[in-house]
Structure formats: structure tokens, C-alpha cells
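Q: Below are the sequence and a predicted model; questions follow.
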Amino acid sequence: MTANKREQNLNDVGLSITAISGDALAQRKVSSLEDIASIIPGLSYSASTTNTPIYTLRGVGFNESSLGVYPAVSVYIDQAPLPFPVLASHSAYDLERIEVLKGPQGTLFGQNSTGGAINYIAAKPTSSFEAGGDISYGRFNAIEGNAFISGPLATNVRARLAVTGANSDGWQYSVTRPSDRNGATSYVAGRLLIDADLSEGVKLSFNINGWVDKSEPQAQQLIGIRTGGPQGATAVKLAATSVFAPDKARAADWSSFLTDPATGVQNPDGTFVPGTAKSTDFTPRADRKFYQLAMRADVELGADITLTSLTSYSDYDQTQTTDGDGNAAVTFDLQKNDGYIRSFSQEFRLANDPRGAFRWVLGANYEDSTTFEDQLLRYFDNSNYNPATAYINGSEVNNKQKIRNYAIFASGEYDIAEKLTLKLATRYTNSRIADENCGFTIPGGNVDKLFGTPTPTACYTFDAAFRNGPPILQTLKEDNVSWRAGIDYKMTDSSLLYANVSRGYKAGSFPSLAAATSKALKPVTQESVTAYEAGIKTEFLDRVIGLNAAAFYYDYRDKQIRGKIIDNPNIFGALDTLANIPKSTIYGFEADLTIRPTRGLTINGALTYLKSEIKTSCSTV
């Protein structure tokens, strides 16, 4: 295990951790985030409307689909961060193991870990030649393949190249066009690892990985329409003509080629000359590309002290169209959902020999990231498309965030007795996000007419003084101190009792929204989780049976959510915004049991119970 950023036996780590070996992952055909969530107790995964994955661990997560927001469950590959959720889409292949650390991990793994952390440990280059692969075929003509080759390149230099890919037909069917399919898979990913021992005390590791994904974004299921609000009559008419999805997992709906009023010739009253509008393709599609360069250096300085440097750069680009309403009509479709992420990270840390009675780690890290989103929301079949609102039908937004974080951290463990260990850790983090947001429209989108901007490309969102024109510029500055204190009691060589109290933080962020006023563009501020946990790890009957169990209580402050706000004046009804819930709690317990009755046979079972409660609600949702 590397939960403390050094190799340890799982049963010697006084934390709630689920670890799955690479062999077990291969046997269970685990190759995606959804697959991982199905085998990790307490972990859930969902695909958002905009194709950004959302992870939730023990009820802690951030159900926000913007590209440039931090998750509540952070993800790493060989300790190199994948700081934004979409970057981890295709990392679960050719692995030595997966480690899932539960509860706040804000000390050694930084902020944005209020729920926990997922560590992918890649299979390492070997000192002798090895190669292998597999291919499988399944439902919907799904073909998936994996292959690797590993071995020495020169004296003290080893390399490993691994690739994976999948292709399948669409699995969703349209409830209004039964022959149409969506959800086809098409991606390929690769990873090159190079390990070099420059001397007895200097080791370098290089990781070059990336993927290309042209899979179709998942469509939604329409199960209801809100008919109240300023345009209630229009919404009632829309509800009467819409086709709702039956209670079947594959049933959904999405827009295809439709007549687009923004492409037609307009009359003075904002309507369109019949026959002039052209057809536009609103079919869900995507083209996403990612690569990461990472280098690790371990240098022995003497006096049993090791200096570790971790450097990484991540680069991501996407162009896609997503359907957000589960309707064949265009009521909430992102005709354009493009963007990019550029992220640089550097960490330095010092650690002593872990074999002593006192084990410590001191370090610092720095992150510099830029995220950009360009979204075009179309809604000409929506209730907002009416004479009172100048037939608006297209809202576009550019949202650029420049993010800078730095932190210092320290962690220590001391064996105060033969079987008793005291643990302390802390981290100070300072973050700054500068945001530039401009909401505009397209020719024929008519938002410029309603908001009185001189051209479609001028920013229409009103600021606090009810003026529009320039972009909305905001800066969010925050800092915090994460910490953990705990005690471990080693009852026997195979049994450990532990208790921990910890606090972690998740940074705030700005939304990517088509907002009428700047009030909806206010950021959520940082959230925190203070966790109280006690557990046991034990094996008995000569390690035939293994049991891990833990009980926990979370004091959740300023939880971040996507909620609703009423625009002023109330023209559009409830619009999206980000908000903080001041106080909530989560408590529960979990247990997993492993039985190995005979060689080659392993039986696993797990149970998780959660109960959450909002103590104080926010007034803006």
C-alpha cells in the first residue's frame, strides 16, 4: 500500500482502504470507472449530462458537470495527480492494483479529497522480457482488447508499453425513433513507463500516458416536465407533446437533425419566414483527447533520508454535442460543449527510513492549471422560446479559470510502545482562482435582442449594477489547514485496531452557466469534512478468513451542490447556480469479508450503510 506515500502492508495501515490487485481486476474484466465503482464498497459513479464523470465515496461527492471543477474524490496514477474528473476516464488498465482511501485525505494527498482518494498503481517494467494480452467480445458487438510488452532496454533501464481499447455499437434506443441507437463506444489508450537506476541512490521513473475517445455521450431519460413558472402554459403544451421514457434501462431519447430557427430569415417581430430555416445536427457525439507526462526522481541524500520529486503535466481537449433533456425536441441541448484543460503539478518531499520507530514525511507542492469551456445551449422547443422573450433560442458561454495552488505538509508516526503507534499529519493550502465568464449568443439566437447588447457576440449577463457588455471577472482566494490524528493498536501480527480524527477540504469553483445575472455565477466556497472513524483489520484461521470493518461519522460543512436560483426579474423561472449547504452530517459503517476456503477459490462480500441529513439548508436553492 502507498496510502502514506511509502510501501506498507495493507493490514499495517490504520486507515479504511479497499485494495484490489491487478489479477483480480483482470479476472473481473474491470476496465472503466463504472466497473471500479461496482466492486468498491461505498463508491459510486455516474456519467453527467456533459459526459464529465462524477464520483461519490461514502456519500461525499460533487454532482457538478462543469469541466473545470475539482472532484470530492481525487484520482492519482502512481501518485501523479489527475486533478479534474474527466482526466481519469481511461486509466484502469494494466494495473498492479487499485487503492481506494476512504474519508478525508487532505494531508498527504492535498485538498479536493473530502470524500477520499483513488490511487491507480500501474504495472511496472520488468527486468526480463514479458508480453501478454487478451481480447473479448460481448453484447452490442463490443470488442475490447488489452496488450503489453515489458523488459530491459539497457543496463539498469527497463520499459513497459501497455495499450487498451474498445469499440461497440450503441446500447440506448430512441423512444420516438426505435431504430436509432446511441451510446456507441470507441476509444484507445496507451501508457509507456520507463524506469532507470542511474546509481545505487538515484532512481528515475517516466510515465507517458494518454487516450483518444470518440464514444457517444449518454442520453437522458425524460420522466417529467415542470409546468409552473413564468411560461407555465407553454410548458404544459410541451409536456402534452413529449414522449416520456418507459421504465427500461436502455430507453432514452435525444435530438437528431432538426429545423433550426436560428438559421432562418427573421421577421421584425422575431418570428421566422417559413421555409427559410435549415436543418442542424443535434445528435450526441464527442471527440476527446488527453495526454500526461510525469517524472519521478528518488534520491538518497544520506542519513537514511530520501528526496522525492514528482513532476507532471496534463493536457486535455474536447469537442462534443450532448443532449440534456431526454427529448427528441431541442429543449436543453448543448449543441457545442467544447473545452480544454492544461495542468502542471510539482511536488517535493523528504522522508526518513520507514523501518525506524519514528517515521516522517515533509513536503511541498504547487499546481498551475487553466481550464476553458465553450458551451452553446439550444432551447427553441423550450417554453422560453416565445414572443415575450424575443424568441431566444441559443445561449453560449465562455468560462476560463486560471488556478494556482501551493501547499506544505508534514506527517509523522511514532511507535510509543511495541504495539501502539501515534499518528499526526497536517497540511496548509493556499489557492487562488481567477475566472472570466462571458455569456453571449449566436446570430439568430435573439438573446442579444432581449438583453439589449449591440451584437450577438457581446456579453449579455448583467453585473451587480445591472450593466452588461464586458465579461464577468471574479477572483476566489482561499486557504485552509487540513489535519489528521490517530492511534493504531497491533493486537496480533494479523489484527489491527485503529481510530482517527481528520479534516479535509475541497476547493471552491466557478460554474459554466448561461446566466441572466452575475448572481448565478457566484462561486461555491471551499467545503470541509471532519471525520471520526474507528475500525478493525484482522485475519484468522491461518489467514483463511479476513475481515475489515469500520464505523464513521462525518461533520460536513458548506457542501457544494448545483442548485437553483430565481432570476431577477423573474423572466425565466428557476435557473442553475452553485451553492453551499452550511451544515450536514453523514454516518454509517461498512465491512468486507474475504474467505479463501481452498487454493484458487476466493469468496468476497461487503456491506455499507449510510445515513445523511441536512442540518441547515442554503437560502439560494
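A: Thanks, I have it.

Q: Show me what secondary structure element comes after the helix or strand of the chain with the lowest mean pLDDT.
A: Lowest on mean pLDDT, DSSP states H and E among the helices and strands of the chain sits helix 232-241, with a mean of 64. Beyond helix 232-241 in the direction of the C-terminus, DSSP states H and E gives the next helix or strand as strand 251-252.

Q: Give me the helices and strands touching that next one, please.
A: On a contact count with 3 or more C-beta pairs under 8 Å, 6 or more residues apart in numbering; DSSP states H and E, strand 251-252 meets strand 172-174. Heads up, the C-betas are built off the backbone N, CA and C, glycines and all.

Q: in the protein, which strand has the most residues?
A: Secondary structure assigned by DSSP state E gives strand 574-598 as the longest strand of the chain.

Q: who does the nearest residue to A574 once chain neighbours are set aside bridge with?
A: Spatial nearest neighbour of A574, excluding adjacent residues (C-beta to C-beta, 6 or more residues apart in numbering): K564 at 4.0 Å. Per DSSP bridges, the residues bridged to K564 are D576.

Q: List the residues that contact K564.
A: 574-577, 621 (C-beta atoms under 8 Å, 6 or more residues apart in numbering).

Q: And for whichever helix or strand comes after the longest strand of the chain, what's in contact with it?
A: Next in sequence after strand 574-598, counting helices and strands by DSSP H and E, comes strand 601-616. Contact with strand 601-616 is made by 41-42, 58-59, 581-597, as judged by C-beta under 8 Å, 6+ apart.

Q: Strand partners (parallel or antiparallel) of strand 601-616?
A: When DSSP bridges is applied, strand 601-616 pairs with strand 574-598 (antiparallel).

Q: what about the partner strand, average pLDDT?
A: In this model, strand 574-598 has a mean pLDDT of 90.

Q: ok so, going back, can you pick the most crowded of the contacts of K564?
A: In terms of neighbour count, T577 stands highest of the contacts of K564 at 22 neighbours, by other C-beta atoms under 10 Å.

Q: pretty sure that one is in contact with I565, am I right?
A: Yes. Taking contacts as C-beta atoms under 8 Å, T577 lies within contact range of I565: 4.2 Å.

Q: Poorly predicted segments of the stretch 501-621 of the chain, please.
A: 567-571, 573, 618-621 (pLDDT under 70).

Q: can you do 80?
A: 514, 566-575, 617-621 (pLDDT under 80).

Q: and S66, what are its phi and psi?
A: Dihedral pair for S66: phi -60, psi 150, per degrees, to the nearest 10.

Q: Run a quick neighbour tally on the closest residue to it other than its chain neighbours.
A: Counting by C-beta to C-beta, 6+ apart, S66 lies nearest to S512, which is 4.4 Å off, once chain neighbours are set aside. S512: 29 surrounding residues under other C-beta under 10 Å.

Q: Likewise for G224?
A: Counted with other C-beta under 10 Å, G224 comes out at 8.

Q: Going forward, the N-terminal residue is numbered 31.
A: In the new count, where the first residue is 31, that last one comes out as G254.

Q: Relative to R408, how far out is it?
A: 21 Å (C-beta to C-beta, to the nearest Å).

Q: And for L45?
A: Distance from L45 to R408, by C-beta to C-beta: 47 Å.

Q: Any regions of this protein where pLDDT drops low?
A: Applying pLDDT under 80 to the chain picks out residues 31-44, 57-63, 77-81, 95, 140-141, 255-271, 296-305, 544, 596-605, 647-651.

Q: Nearest residue to the middle of it?
A: Most central in the chain under C-alpha atoms, centre = their mean is P115, positioned 2.5 Å from the mean C-alpha point.

Q: helix, strand or coil for D225?
A: Secondary structure state of D225, per DSSP: H, G, I helix; E, B strand; the rest coil, is strand.

Q: now do I66
A: Quick answer, by three-state DSSP: I66 is helix.

Q: Run me through the strand neighbours of the host helix or strand of S425, direction for each.
A: According to DSSP H and E, S425 maps onto strand 424-445. If you go by DSSP bridges, strand 424-445 pairs up with strand 388-408 (antiparallel), strand 450-470 (antiparallel).

Q: buried stuff in the first one?
A: By neighbour count, and taking 16 or more other C-beta atoms under 10 Å as the criterion, the buried residues in strand 388-408 are 389-391, 393-395, 397, 399, 401-408.

Q: List the contacts of the residue lying closest to G294 once chain neighbours are set aside.
A: Leaving aside its sequence neighbours, G294 sits nearest to A307 (C-beta to C-beta, 6+ apart; 3.3 Å). Residues near A307 by C-beta under 8 Å, 6+ apart: 289-294.

Q: re the thing from before, any buried residues in the strand holding S425, and which?
A: 424-433, 435-437, 439-441, 443.

Q: isn't there a helix covering A418?
A: Yes. When three-state DSSP is applied, A418 is found to be in a helix.

Q: so how many other residues sit close to it?
A: Neighbour tally, A418, other C-beta under 10 Å: 11.

Q: Can you tell me how far it is from T628?
A: Distance from A418 to T628, by C-beta to C-beta: 74 Å.

Q: just V477 next, same as before
A: 68 Å.

Q: These two: which has the busier surroundings?
A: Each of V477 and T628 has its neighbours counted (other C-beta under 10 Å); V477 has more, 23 against 7.

Q: any idea how far that one lies from S539?
A: 25 Å.

Q: now do G44
A: 32 Å.

Q: Repeat that for P276.
A: 37 Å.

Q: more neighbours, these two?
A: For P276 versus S539, neighbours defined as other C-beta under 10 Å are more numerous around S539 (25 against 10).

Q: contacting residues for that one?
A: 94, 96, 98-100, 431, 463, 506, 553-554, 590, 608.

Q: which one of those residues is nearest R497?
A: P553 (20.6 Å; C-beta to C-beta).

Q: Quick one: end-to-end length of stretch 542-553, please.
A: The straight-line separation of the ends of stretch 542-553 (C-alpha to C-alpha, to the nearest Å) is 10 Å.

Q: which outside residues touch that stretch?
A: With C-beta under 8 Å, 6+ apart, stretch 542-553 has contacts from 96-98, 403, 405, 407, 425-427, 429, 463, 465, 467, 469, 491-494, 496, 502, 504, 506, 538-541, 595, 597-598, 601-602, 605-608.

Q: Likewise for stretch 199-215?
A: By C-beta under 8 Å, 6+ apart, the surrounding residues in contact with stretch 199-215 are 169-172, 196-198, 245-246, 248-249, 273-276, 280-284, 286, 314, 358.

Q: repeat for stretch 480-489
A: 419-420, 422, 468-473, 475, 477-478, 490, 492, 498-502.

Q: rerun at 7 Å
A: 419-420, 422, 468-473, 475, 478, 490, 498-501 (C-beta atoms under 7 Å, 6 or more residues apart in numbering).

Q: Give me the buried positions along it.
A: Neighbour count says stretch 480-489 has 480-481, 483, 486, 488-489 buried, by 16+ other C-beta under 10 Å.

Q: Filter those residues down to the ones in strands?
A: Per DSSP E, the subset of those in strands is empty.

Q: where exactly do the helices run in this structure?
A: 52-57, 63-69, 262-271, 477-481 (DSSP state H).

Q: Tell me which of those lies nearest to L340.
A: Between these, helix 52-57 lies closest to L340; by C-beta to C-beta that is 22.0 Å.

Q: Dump that closest one to CSV, keeping only the CA atoms.
A: These are the backbone C-alpha positions of helix 52-57, laid out as CSV (Å, rounded to 0.1, in the frame of the first residue of the first chain):
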residue,chain,number,x,y,z
GLY,A,52,-4.3,-6.3,-10.9
ASP,A,53,-5.0,-10.0,-11.3
ALA,A,54,-8.4,-9.6,-9.6
LEU,A,55,-9.2,-6.6,-11.9
ALA,A,56,-8.3,-8.6,-15.0
GLN,A,57,-10.4,-11.6,-13.8
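
Q: Name the residues that touch it?
A: 125-128, 153.
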